[in-house]
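Asker: make a model of this:
(one chain, ligands or ions: 1)
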Amino acid sequence: MSERTIALVTGANKGIGYEIAAGLGALGWRVGVGARDGQRLAEAVAKLRAGGVDAFAVPLDVTDDASVTAAARLLETEAGGLDVLVNNAGVTGGVPQHPGDVDVATIRAAVEVNVIGVVRVTEAMLPLLRRSASPRIVNMSSGVGSLTRQSASTGEEQTGPLSVAYAPSKSMLNAVTIQYARALAGTGILVNAGCPGFTATDLNNFRGVRTPQQGAAVAIKLATLPDDGPTGGYVEDAGTIPW
Ligand SMILES: NC(=O)c1ccc[n+]([C@@H]2O[C@H](COP(=O)([O-])OP(=O)(O)OC[C@H]3O[C@@H](n4cnc5c(N)ncnc54)[C@H](OP(=O)(O)O)[C@@H]3O)[C@@H](O)[C@H]2O)c1
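Answerer: Next up is the predicted model:
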């Protein structure tokens with residue numbers, strides 16, 4: 001294993017994922033840039049490298065078994081392993097998502113990337129992470145996945161539009177995060193979920209109010225937790241999010 005920290009960020013060609021890659025690279029880490037489109041991947045890697053980041057390309061579609069298996073192999077050969085996995089890739093699944101007016105394909109699309117994709121990538125990377133001295137798994141969730149916030153009828157706690165695809169997919173991702181944290185307790189692998197806040201990216205047609213750099217901060221914090229740091233958490237910049 002290399003003495004430098006090796007990270008993989010999925011969905012790192014744009015938006016928050018790109019800024020997570022840039023932020024981890026600024027720490028002197030080697031960063032695997034995961035992206036499903038070859039051209040977008042090459043452009044992102046070139047831009048990161050021009051900015052001084054030791055970035056390398058990891059072709060990666062989180063919905064594709066063969067792609068994920070090949071990515072794990074590439075990390076082994078290119079970087080000698082993996083210390084930090086940031087499961088950032090995400091989709092809304094499309095619209096409409098309003099209860100009473102939804103196609104199950106919309107739900108399936110959201111769950112395929114936001115939940116099954118995270119599990120697929122995590123399973124493939126776990127053998128590498130188990131060999132790391134300070135392994136971390138960061139799952140990019142969302143505050144809209146909070147059942148407490150979804151069920152709050154009014155007030156500040158309530159969040160996000162009505163949704164039977166995106167928000168519930170993040171609720172399931174939260175549960176998946178807890179399950180991995182429980183299973184990996186005592187192994188040194190810290191597993192946490194983070195919410196970037198409402199961030200201006202393609203995901204919401206740039207309606208978000210935070211910059212992608214601001215959105216990346218929570219993931220960078222969770223990626224750099226000390227060895228005695230928390231596991232099984234769900235946080236945003238302001239602190240813990242109620243499940
Ligand atoms: N923006 C917000 O306000 C907000 C709030 C809460 C949580 N989040 C979460 O933050 C994360 C990043 O979102 P973002 O706002 O930065 O969105 P974004 O700009 O739309 O970026 C999403 C990234 O995921 C990638 N992706 C989608 N499907 C993929 C697949 N099958 N395999 C690999 N990569 C895939 C996209 O690649 P392509 O370019 O190829 O499509 C892109 O790189 C997501 O998990 C999102 O749910 C965002």
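Asker: next one: the helix or strand bottoming out on mean pLDDT in the chain to chain centre, how far?
Answerer: Lowest on mean pLDDT, DSSP states H and E among the helices and strands of the chain sits helix 147-151, with a mean of 92. Relative to its chain's centre, helix 147-151 lies at 21 Å (C-alpha atoms, centre = their mean, to the nearest Å).
Asker: cool, and stretch 33-50?
Answerer: How far stretch 33-50 lies from its chain's middle: 17 Å, per C-alpha atoms, centre = their mean.
Asker: that one and the ligand, are they touching?
Answerer: Yes. On the criterion C-beta under 6 Å from any ligand atom, stretch 33-50 is in touch with the ligand at 35-37, 40. Using the backbone N, CA and C atoms, a C-beta is placed for each residue, glycine as well.
Asker: list the contacts of that stretch.
Answerer: Residues outside stretch 33-50 that contact it (C-beta atoms under 8 Å, 6 or more residues apart in numbering): 8-14, 17-18, 21-22, 25, 31, 55-62, 67, 71, 89.
Asker: can you do 10 Å?
Answerer: Outside stretch 33-50, the residues that touch it by C-beta atoms under 10 Å, 6 or more residues apart in numbering are 7-14, 17-18, 21-22, 25, 31-32, 53-64, 67-68, 71, 75, 85-89, 113, 121.
Asker: ok so, going back, got the buried residues for the helix or strand just after the least confident helix or strand of the chain?
Answerer: Reading on from helix 147-151 to the C-terminus, the next helix or strand found by DSSP states H and E is helix 166-184. Residues 166-174, 176-178, 180-181, 184 are the ones in helix 166-184 that count as buried (16 or more other C-beta atoms under 10 Å).
Asker: show me where the protein has its strands.
Answerer: In the chain, the strands defined using DSSP state E lie at 6-9, 30-35, 54-59, 84-87, 136-140, 190-194, 234-236, 239-240.
Asker: which residues touch the residue nearest the centre of the chain?
Answerer: With distances taken as C-alpha atoms, centre = their mean, Asn88 lies nearest the centre of the chain, 2.1 Å away. Contacts for Asn88 (C-beta under 10 Å, 6+ apart) come out as 8-12, 15-21, 34, 62, 118, 138-140, 194, 196, 215-216, 219.
Asker: rewinding a little: highest neighbour count among the residues of stretch 33-50 next to the ligand?
Answerer: Using other C-beta atoms under 10 Å as the neighbour test, those are led by Ala35, with 27 neighbours.
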